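Q: prediction below, plus the sequence it came from.
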Amino acid sequence: PHNPIKGNPTTAERGCPPHFLVREGAGTLKHHETEDFIIKAREEDLETIHSMVQWNDWEENPTALLYPGFLSTMEYDKLPRFLMFREAKLDAFNALRSQGIREVKSNVIDNLISKILGRYAEERFDSFEHYEMFLKQKSDEMGWSKEIVFEALKMAKIFRQDEEFGRQMLCGPNAMYIRKVTSLEGRWAEGSVPEHALEGKSAEDVLGEGHLFEVTFDELIGVPHGGGFSKKLTGTKQTWHVVLADCLLYQRSDDKLVPVLIRLENRNDGQPATWWSPPEPEITDLNDPKHLAWLYAKMWFRCADVNCYSLCTHFARAHATNELFAVSAYRNLPNAHPVFRMLQPHIQGIIPVNVQARSVLVNPGENAFALFLSAGDNLKMVFNNYYKQFSYEDLLLPNDVKKRGVEDIPEYLYRDDTLCHWEIIKEYVSEMIHLIYPSDEDIVKDTELQNVFNEVVDFGFRGYENGADFPREVSTREGVVEYLTAVIVNISVFHTAVNFQTFTSYTFPPSVPTCLTLPPPTQDQEITMDLILKCLPVLEITFISMNISFNLGQFSPIERFYLEDPAENKLGVLGENMAVAPQQEACIRRMAEKMRGFKEKIDARNVGRYLKYDVLSPVNTPLTTQT
């Protein structure tokens, strides 16, 4: 067989396979090929791909944590050319990121010099309005999108409202955690919800009505406090407290979802759990200690929220998990395979962006998460906690909604829009799979496709109990439809939902602090505004979180969406697809037409809303993950 390294290092290391077998039209399945030389060329292509696209070596990189398999190449510049970003339009995008990095480094150097000269004074904010002014100032300096900044400032105006807190649980970037409460035992046994928070009802009555829900972040169990980089960044050593936080929410008679009880536990310091609930309605002064105590408890909960979002929802679920599907598909499906052609628009960006992330975001020696997240110093522990409870079932969105018991919550727009995407994409995948495979027997005979499933279990989820319940083989067309729908939706739709509203939802520290510098409150502690402001992130950390949130939440210049404007020579999913036979093209066009109707529905729904929810409109939903 062709040796890609010794035979032709320049082409093999950075170029294409030796034959680059291309079949016209619909593509072909290996067991349908009749010419021996074609079969041989197909096999040699995959052998070459195997040499260029390799799984990480768990023996050379020993680890005790549960973490999906990934590409062994650790540097972007060493990727095979066909795995790199396809165009050179990234210059402006990377320049924006570099500007933020220069600003952070400048802060570090200034702090170091000031400390040496004895002039350093920690710069804190003196009011919530000061945070707003800082956001406006930095957005002007950095050239951030005025429209996005305006949306973030609109949210900042109402962040103290319990209704906005509840909306974030349903429509924010971390909206997949909420689930119905079926019992007030366990973690809620020692808490008590005041009846005024439940419109005069008892907690047991509301539980029986099915109107109590919870959000919990068990991924932080056992994770130590952070702040290891704080002195370098701010000039003073800070402890960024990691606190377990749970929230009980109530669906009111007006269908609004509001928080009614928050449980905080500083387990790292051996402190007992504390319980916090909204003040009585007759207390209207927002500066009353009871209002401030409730606000402070919500801040601690949202701090846990943004930490689990950043490390678990966004990086682990929407990036690390997606990469293993792409690696397995590239390794086992040749260019001529019709399933590869269908998947290619969705898997083409995830590998290079993750390689870049491993060199900066989650590199133990250069961990960007540790610069602003309280749990960022302990990535392995957080990932391990997350993946202990992760399974294939989590990717099946309709099943997940039912499992969490949230089918009927009003205004759960994340649920509504992801399920609409699921149905449209599933119908498209079903049509394509029934074109590709005349019978279930063809699924079984397709060894290339079965190898994709095998490697996902053997290398992607190596070390997991039962391979995280991913099927090692799939023997029916319906099973393949479900599997591929889950992959495509997680890579495109799920990533979009959690990534592209990061700045508007998480950039205002009083609403969502990425770290908190004082210990959490004790049960009888009187909370003041001075205490809250002293606990919130200082200027340097605020800028870092704002800058990272902005840059990670922007579309790449090479992004392609499910719907685009043909007048701009952009055909969306049709223009990106390698499946070009007339029947396949008809399937793609039918999907695009359904997406167009979906967009119109979202446009109509957003009319008159103070905060619109259009993140999952097909014109805003990229086909792949590459930011």
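A: Received, thanks.

Q: quick one: low-confidence ranges for the protein?
A: Low-confidence segments of the chain, defined by pLDDT under 70: 1-25, 58-65, 86-122, 566-571, 575-576, 578-579.

Q: just the strands from it, written as ranges.
A: For the chain, applying DSSP state E gives strands covering 179-180, 212-216, 244-251, 257-265, 274-276.

Q: tell me the contacts of the nearest residue to residue 483 once chain neighbours are set aside?
A: Closest residue to residue 483 apart from its sequence neighbours, by Cβ to Cβ, 6 or more residues apart in numbering: residue 474 at 5.9 Å. C-beta: built from backbone N, CA, C; applies to glycine. Shown in contact with residue 474 (Cβ atoms under 8 Å, 6 or more residues apart in numbering): 443, 449-450, 453, 480, 483.

Q: please apply the same query to residue 405.
A: So residue 405 contacts 179-180, 182, 210 (Cβ under 8 Å, 6+ apart).

Q: and which of the residues you listed is nearest residue 218?
A: residue 179 (12.2 Å; Cβ to Cβ).

Q: now the residue lying closest to that closest one once chain neighbours are set aside: how far from residue 130?
A: Excluding the flanking residues, the one nearest residue 179 by Cβ to Cβ, 6+ apart is residue 404, at 3.8 Å. Computed as Cβ to Cβ, to the nearest Å, the residue 404 to residue 130 distance reads 39 Å.

Q: before we move on, what about residue 347?
A: Counting by Cβ to Cβ - residue 347 and residue 130 are separated by 45 Å.

Q: more neighbours: which of these two?
A: A count of neighbours by other Cβ atoms under 10 Å puts residue 347 above the other of residue 347 and residue 130, at 25 against 14.

Q: for residue 31, see how far away residue 438 is.
A: 12 Å.

Q: check residue 314 too.
A: Residue 314 is 40 Å from residue 31, by Cβ to Cβ.

Q: please report the distance of the most centrally placed residue in the chain from residue 163.
A: Centroid-nearest residue in the chain, with Cα atoms, centre = their mean: residue 314, separated by 2.2 Å. From residue 314 across to residue 163, the span is 25 Å (Cβ to Cβ).

Q: surely residue 520 meets residue 243?
A: Yes: the criterion here is Cβ atoms under 8 Å, and residue 520 meets it with residue 243 at 4.9 Å.

Q: what about the two, which has more around it?
A: residue 243 (25 against 22).

Q: my guess is that one contacts residue 304, does it?
A: Yes: here residue 243 reaches residue 304: they are 6.6 Å apart, a contact under Cβ under 8 Å.

Q: for the residue lying closest to residue 563 once chain neighbours are set aside, grab the count of nearby residues.
A: Nearest residue to residue 563, sequence neighbours excluded (Cβ to Cβ, 6+ apart): residue 618, at 4.2 Å. When neighbours are defined as other Cβ under 10 Å, residue 618 has 26 of them.

Q: kindly report the same for residue 132.
A: Using other Cβ under 10 Å, residue 132 is surrounded by 17 other residues.

Q: residue contacts, it?
A: Counted by Cβ under 8 Å, 6+ apart, residue 132 has contacts 153, 156, 508.

Q: likewise for residue 618?
A: 561-563, 572, 595-596, 598-599.

Q: how many neighbours does the nearest residue to residue 587 once chain neighbours are set aside have?
A: Closest residue to residue 587 apart from its sequence neighbours, by Cβ to Cβ, 6+ apart: residue 431 at 4.4 Å. Residue 431: 18 surrounding residues under other Cβ under 10 Å.

Q: quick one: common contacting residues for residue 520 and residue 243?
A: Counting by Cβ under 8 Å, 6+ apart, the contacts common to residue 520 and residue 243 are 264, 266, 300.

Q: touching, the second one and residue 519? I think so.
A: The one in question is residue 266. Yes: the pair residue 266 / residue 519 is scored as a contact, 6.3 Å apart, by Cβ under 8 Å.

Q: neighbour count winner among those two?
A: residue 266 (20 against 16).

Q: gap between the more buried one and residue 306?
A: From residue 266 over to residue 306 (counting by Cβ to Cβ), the distance is 18 Å.

Q: do residue 257 as well
A: Residue 257 is 19 Å from residue 306, by Cβ to Cβ.

Q: so those two - more neighbours on which side?
A: Neighbour count, other Cβ under 10 Å: between residue 257 and residue 306, residue 306 has more, with 29 against 23.

Q: show me the contacts for the closest residue to that one other than its chain neighbours.
A: Closest residue in space to residue 306, ignoring its immediate chain neighbours: residue 512 at 4.9 Å, by Cβ to Cβ, 6+ apart. When contacts are counted by Cβ under 8 Å, 6+ apart, residue 512 touches 302-303, 305-306, 505-506.

Q: of the residues you listed, which pair is most distant in space?
A: 303 and 505 (13.8 Å).

Q: neighbour count winner among those two?
A: residue 303 (30 against 27).

Q: that one contacts residue 511, doesn't it?
A: No: counting by Cβ under 8 Å, residue 303 stays clear of residue 511, with 10.5 Å between them.

Q: end to end on stretch 562-572, go ahead and measure it.
A: End-to-end distance of stretch 562-572 (Cα to Cα, to the nearest Å): 5 Å.

Q: I should have written stretch 383-401 there, sorry.
A: Note: stretch 383-401 ends 23 Å apart using Cα to Cα.

Q: sort out which residues of it are buried, please.
A: 383-387, 390-392, 394-397, 400-401 (16 or more other Cβ atoms under 10 Å).

Q: can you give the distance of it from its chain's centre?
A: 13 Å (Cα atoms, centre = their mean, to the nearest Å).

Q: ok so, going back, dump the shared contacts of residue 520 and residue 243 to CSV, plus distance to residue 225.
A: Supplementary listing: the shared contacts of residue 520 and residue 243 in CSV, determined by distance: Cβ to Cβ, whole Å:
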residue, distance to residue 225
264, 14
266, 9
300, 13
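
Q: now render the strands of the chain as JSON lines, adding distance to residue 369.
A: Output for those, formatted as JSON lines (distance: least, Cβ to Cβ, whole Å):
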{"stretch": "strand 179-180", "distance to residue 369": "26"}
{"stretch": "strand 212-216", "distance to residue 369": "21"}
{"stretch": "strand 244-251", "distance to residue 369": "18"}
{"stretch": "strand 257-265", "distance to residue 369": "22"}
{"stretch": "strand 274-276", "distance to residue 369": "27"}
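
Q: which one of those strands lies closest to residue 413?
A: Closest approach to residue 413 among the strands of the chain (Cβ to Cβ): strand 257-265, 11.9 Å.

Q: list the buried residues in the closest one.
A: For strand 257-265, burial by neighbour count (16+ other Cβ under 10 Å) applies to 257-265.

Q: for it, packing partners?
A: helix 162-171, strand 244-251, strand 274-276, helix 289-308 (3 or more Cβ pairs under 8 Å, 6 or more residues apart in numbering; DSSP states H and E).

Q: can I get the last one as CSV, trimmed to CA atoms?
A: Output of helix 289-308 as CSV, limited to C-alpha atoms (Å, rounded to 0.1, in the frame of the first residue of the first chain):
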residue,chain,number,x,y,z
PRO,A,289,-31.2,43.8,52.9
LYS,A,290,-33.7,41.1,52.0
HIS,A,291,-33.8,42.1,48.4
LEU,A,292,-30.0,42.3,48.3
ALA,A,293,-29.7,38.9,50.0
TRP,A,294,-31.9,37.4,47.3
LEU,A,295,-30.0,39.1,44.5
TYR,A,296,-26.7,37.9,46.0
ALA,A,297,-28.0,34.3,46.2
LYS,A,298,-29.0,34.5,42.5
MET,A,299,-25.5,35.8,41.6
TRP,A,300,-23.9,32.8,43.3
PHE,A,301,-26.2,30.5,41.4
ARG,A,302,-25.5,32.2,38.1
CYS,A,303,-21.8,31.9,38.8
ALA,A,304,-22.2,28.1,39.0
ASP,A,305,-24.3,28.4,35.9
VAL,A,306,-21.7,30.1,33.7
ASN,A,307,-18.9,27.8,35.0
CYS,A,308,-20.9,24.7,34.0
